[in-house]
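Q: Here's my sequence, what's the structure:
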Amino acid sequence: MNMIQKPRFLPLDPVDGYLPITDHGLIGDGTTAGLVGRDGALVWLCLPRFDAPPLFCRLLDARRGGAFTIAPEDVVASRQFYEPSTGVLVTEMRSPSGLVQLTDALLLRAGIDLSEGIASGRHELLRAVRVLKGRMRLRIEVTPRGGAQAERRGEGWRLHCATHPTLDLQLFSTRPLAGLSSLHDLTAGDHLTLILCWGTGSHRHLTSAPEDLLRSTCTTWRRWMRHICYAGPQDWLVRRSAITLKMLNYLASGAIVAAPTSSLPEALGGSRNWDYRYGWIRDTAFAVYALRRIGLTREAWGFLEWALDAIDRTDRPRVLYTLDGNSPPPEYTDPTLEGYRRSAPVRWGNAAADQVQHDVYGEILDCAYQWAARGGAIDPRLWTRLRTLVEAARREWRQPDHGIWEVRTACRRFTYSAALCQVALDRGARLAERYGYEADVPAWRTAATQMRQAILAEAWDAKTRTLTEHLGGAGWMRACLRCRCDGSCGPMIRAWSPPRPPLWSAWGRGRACCSAIAPASHRTACRDLKAPFSSVASGSLITSHYKAGWTKPCPCTTGSVPMRGHWGSCRNRLTPRAARSWGITRRPSVMWA
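A: As a prediction, this is how the structure comes out:
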């Protein structure tokens, strides 16, 4: 594996008490995930799992959200990086009098294989501090949202939290703690470890030494990394990205959450703040496709099982599901939190779960097809479920839906939704022929051809020479940027190979006009839908290459696209203003190793 040097120290630059979003590192254990800032504060952690209420959420309210802070009193600069081939995060903070290293990990059980699809977390957060140089006064503060009362129990402190009354929380320390807020004078070589435990059982004593727990967690991560089969460009970046996706994988069911957070704004001051702690059929299908291509086939099968089991429980495929495959709770706003940098409202739940989005048919069938193409079995029971989805795509493709944009206005006949219904029929026909299963293959192929012809006729704008975002409408089809020009990725281009001129034209316009990096996956602005929000949806981007500050050739036949992490080297990138609002800088705070 190619390694890179550690990032340089950067000064902290909070605004209104909030660090830039990119000044945080992710930790996870396959059950939940946390965010640690470069200032040593754990500002996001939902317990006991991803979609539970947050115990710490200073990310959404600097005053009332709560955090778990371990830091020198006067931090002047810091940096973050990961232990190689693990999800263990290291934050080094420099003060005028010394240098301290903070190691954070959500601990994993010893000997477990993360590919097995079973719960792997120990329900423990480890935070280990070591003074590398000089001497310093270390500040420790544990302030859960809503406050907490602490009482001595065994070797640690038991926490009673207002927001988690049924959660048994225990805090251990290798040095005596005066309570939930304390100061510690340390010199070079001194170390201190805190472990926060949760669950339904009693925690009176630590059963293992903290250093053994951390070593075992690193070993578990590296054992899983041996499943990865990749030896191409930017090897270290691909592997780091795989770890990040794995940290979003709810191992007990196979679901992958779209994000571990809720209500981070698409634009500062805007109202497009959604709860993404659920599994989207579309997003997870693309994530699993990427994992499967580097050898992580168990993750692919786990997702397919989760998605099909979830669909079985409802009368139609939903856009998103909970980690257990059920419908999310009703969406509501939380007036007690001000939002990241006062970008209200904060929302819990997601009303998009009740929307109709026809592209899910194509996503699921393409995922099944790719699974079968690499040797996975499609048994008769699974085929029965898939065949139902193919017929639904044939029946509903001309009906309006909310589309990939998840608009909260009137439905339209979105081009991308229609195209993915065509993908469902194409994939269904190929699977039926491969396995000899009962299906009306000629009718499916005829319908797929008719769909493709209708899309190219009704969604082609001769004036702008692009596909439109809905059939018979205006505005170019930005969703085509989800397709790679080389035909190696993206279900629509695989089904439409060789690419038709309208797709080439739309890609060309995307490269010229899009405010993000090609050819990464986008869900960009849908400007003509008159959505009842003050801001335009800027969309979600895969910006790992960009934020890492590297240049990578685009494997498209349309040429190379520079991806350097600074402004002006390419037109196809975030604008400086948009990037600054998200805290994206020339160099990231967390360099991947």
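Q: all strands of the stretch 1-150 of the chain, in order?
A: In the stretch 1-150 of the chain, the strands defined using DSSP state E, counting those that start in this stretch lie at 24-28, 33-37, 41-46, 54-56, 67-72, 77-82, 89-95, 98-108, 121-143, 148-153.
Q: Just the element for the residue lying closest to Gly254 once chain neighbours are set aside, please.
A: Distance criterion C-beta to C-beta, 6 or more residues apart in numbering; nearest residue to Gly254, sequence neighbours excluded, is Gly302 at 3.0 Å. Heads up, the C-betas are built off the backbone N, CA and C, glycines and all. Under the criterion of DSSP states H and E, Gly302 resides in helix 297-312.
Q: Can you check which of the strands of the stretch 1-150 of the chain gets nearest to Val257?
A: strand 33-37 (8.1 Å; C-beta to C-beta).
Q: So what touches that closest one?
A: Identification of contacts with strand 33-37 by C-beta atoms under 8 Å, 6 or more residues apart in numbering yields 19, 23-28, 42-46, 50, 56, 59, 80, 89, 91, 102, 104, 106, 125, 247-248, 260-261.
Q: That strand pairs with which strands, parallel or anti?
A: Strand pairing for strand 33-37, determined by DSSP bridges: strand 24-28 (antiparallel), strand 41-46 (antiparallel).
Q: can I get the CA coordinates of that strand in CSV?
A: Presented in CSV, the C-alpha positions along strand 33-37 are these (Å, rounded to 0.1, in the frame of the first residue of the first chain):
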residue,chain,number,x,y,z
ALA,A,33,-20.3,6.5,14.5
GLY,A,34,-18.8,9.6,16.0
LEU,A,35,-17.1,12.8,14.8
VAL,A,36,-14.0,14.2,16.6
GLY,A,37,-12.9,17.7,15.9
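Q: which stretches of the stretch 351-500 of the chain form helices?
A: Secondary structure of the stretch 351-500 of the chain (DSSP state H, counting those that start in this stretch): helices at 359-373, 380-396, 415-435, 441-458, 491-495.
Q: circling back: what residues of the helix holding Gly302 count as buried?
A: By 16 or more other C-beta atoms under 10 Å, the buried positions in helix 297-312 come out as 297-304, 306-308, 310-311.
Q: Could you dump those residues into a markdown table with pLDDT and distance to Ala459 added?
A: Formatted as a markdown table, the buried residues of helix 297-312 follow (pLDDT from 0 to 100; distance: C-beta to C-beta, whole Å):
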| residue | pLDDT | distance to Ala459 |
| --- | --- | --- |
| Thr297 | 85 | 35 |
| Arg298 | 87 | 38 |
| Glu299 | 86 | 34 |
| Ala300 | 78 | 31 |
| Trp301 | 81 | 35 |
| Gly302 | 86 | 35 |
| Phe303 | 82 | 30 |
| Leu304 | 79 | 30 |
| Trp306 | 88 | 32 |
| Ala307 | 84 | 28 |
| Leu308 | 81 | 30 |
| Ala310 | 86 | 30 |
| Ile311 | 81 | 28 |
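Q: got CSV for those residues, with distance to Ala150 too?
A: Formatted as CSV, those follow (distance: C-beta to C-beta, whole Å):
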residue, distance to Ala150
Thr297, 46
Arg298, 41
Glu299, 39
Ala300, 44
Trp301, 44
Gly302, 39
Phe303, 41
Leu304, 45
Trp306, 38
Ala307, 43
Leu308, 46
Ala310, 40
Ile311, 45
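Q: Domain map for the chain?
A: 21-225, 253-542 (automatic domain parsing).
Q: Pull the residues that contact the helix holding Gly302.
A: Applying C-beta under 8 Å, 6+ apart, the set of residues contacting helix 297-312 from outside is 115-117, 227, 246, 249, 253-256, 279, 281, 284-285, 288-289, 291-292, 317-318, 321, 325-326, 364, 367-368, 370-371, 374, 376, 382, 385-386, 389.
Q: which of those are buried?
A: Here, 16+ other C-beta under 10 Å leaves 115, 117, 227, 246, 249, 253-256, 279, 281, 284-285, 288-289, 291-292, 317-318, 321, 325, 364, 367-368, 370-371, 376, 382, 386, 389 buried among the contacts of helix 297-312.
Q: which ones among those residues are found in helices?
A: 246, 281, 284-285, 288-289, 291-292, 364, 367-368, 370-371, 382, 386, 389 (DSSP state H).
Q: Out of these, which one has the lowest pLDDT?
A: Among these, Thr284 has the lowest pLDDT, at 72.
Q: is it true that it touches Ile256?
A: Yes. Between Thr284 and Ile256 there is a contact under C-beta atoms under 8 Å: 4.5 Å.
Q: if I pick the closest residue to Thr322 other than its chain neighbours, what's in contact with it?
A: Once flanking residues are discounted, Thr322 sits nearest to Pro328: 5.5 Å by C-beta to C-beta, 6+ apart. By C-beta under 8 Å, 6+ apart, the contact set of Pro328 is 51, 278, 320-322, 349-350, 353.
Q: picking that back up, quick check, nearest of the ones in helices among the buried ones among the contacts of helix 297-312 to Lys133?
A: Lys246 (34.0 Å).
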